[in-house]
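>>> Sharing a model that was predicted from the sequence below.
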Amino acid sequence: MNTLSVWRRSPFETQAQFDALVRHSLSPATGFAPAAEVGRDGDDALVKLELPGVALDDVTVEVESGRLVVRGERKDPREESARGRTEIRYGTFRRSFTLPKSVTADAVSASYDAGVLTVRVAGAHTTAQPTRIEIATA
């Protein structure tokens, strides 16, 4: 008895085609969004971003229209021909966080240690004293 089996081609006929698809989907054009943690230290706000493999020269921290904006780029140091499959995302990123109206750029400082960028916004949680409003009678 002969057995007939139907053979279907995989959408990825070769490993090279699959590798090209993965490389394209993880290309610098897609960029990435670094993980962020927003917390509090007394009256200060702390924003921590995971940026392993990102050179400090490729990162900017700005106060722009009432927002804290962190942008940069993780560059792939390998030559195009040497790139294989990777789960590391390369490309540009931009994260922004709303600041209280009372915060100015002078209140913002940043430091980088062990792949983590920490931005401190001094006095972000300082609450103003309530002002009592007189109620007029008619």
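Received, thanks. Numbers count the residues shown, from 1 in each chain.

>>> all helices for the protein, in order.
In the chain, the helices defined using DSSP state H lie at 15-25.

>>> which residues of it score low on pLDDT?
Residues of the chain meeting the criterion pLDDT under 70: 1-30, 80-81, 128-129.

>>> Next one: residue 89 from residue 41, what distance?
Counting by Cβ to Cβ, to the nearest Å, the separation of residue 89 from residue 41 is 29 Å. Quick note: C-beta positions are derived from backbone N, CA and C, even for glycine.

>>> Then residue 133?
Distance check for residue 133 against residue 41: by Cβ to Cβ, it reads 33 Å.

>>> Could I get the contacting residues of the closest residue to residue 39 other than its chain neighbours?
Among residues not flanking residue 39 along the chain, residue 46 sits closest, at 4.8 Å (Cβ to Cβ, 6 or more residues apart in numbering). By Cβ atoms under 8 Å, 6 or more residues apart in numbering, the contact list for residue 46 reads 37-40, 118-121.

>>> Just the buried subset of these, written out for ChimeraX, thanks.
The ChimeraX command for the buried members of these (criterion: 16 or more other Cβ atoms under 10 Å) is given here:
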select :119,121
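
>>> Could I get the full set of strands for this structure?
Listed in chain order, the strands of the chain (DSSP state E) span 36-41, 44-50, 59-64, 67-74, 91-98, 108-113, 116-121.

>>> quick one: which of residue 89 and residue 41 has more around it?
Shown here are residue 89 and residue 41; by other Cβ atoms under 10 Å, residue 89 has more neighbours (17 against 12).

>>> quick one: that one and residue 74 touch, right?
Yes: contact criterion Cβ atoms under 8 Å: residue 89 and residue 74 qualify, at 7.1 Å.

>>> gap between residue 44 and residue 61?
From residue 44 over to residue 61 (counting by Cβ to Cβ), the distance is 15 Å.

>>> Grab the nearest non-local neighbour of residue 47.
residue 119 (4.4 Å).

>>> Contact partners for the one you found?
Under the criterion of Cβ under 8 Å, 6+ apart, the neighbours of residue 119 are 46-49, 61, 68, 70, 108-110.

>>> How about residue 59, nearest residue that isn't a chain neighbour?
Residue 59's closest residue in space is residue 72 (Cβ to Cβ, 6+ apart), at 3.8 Å.
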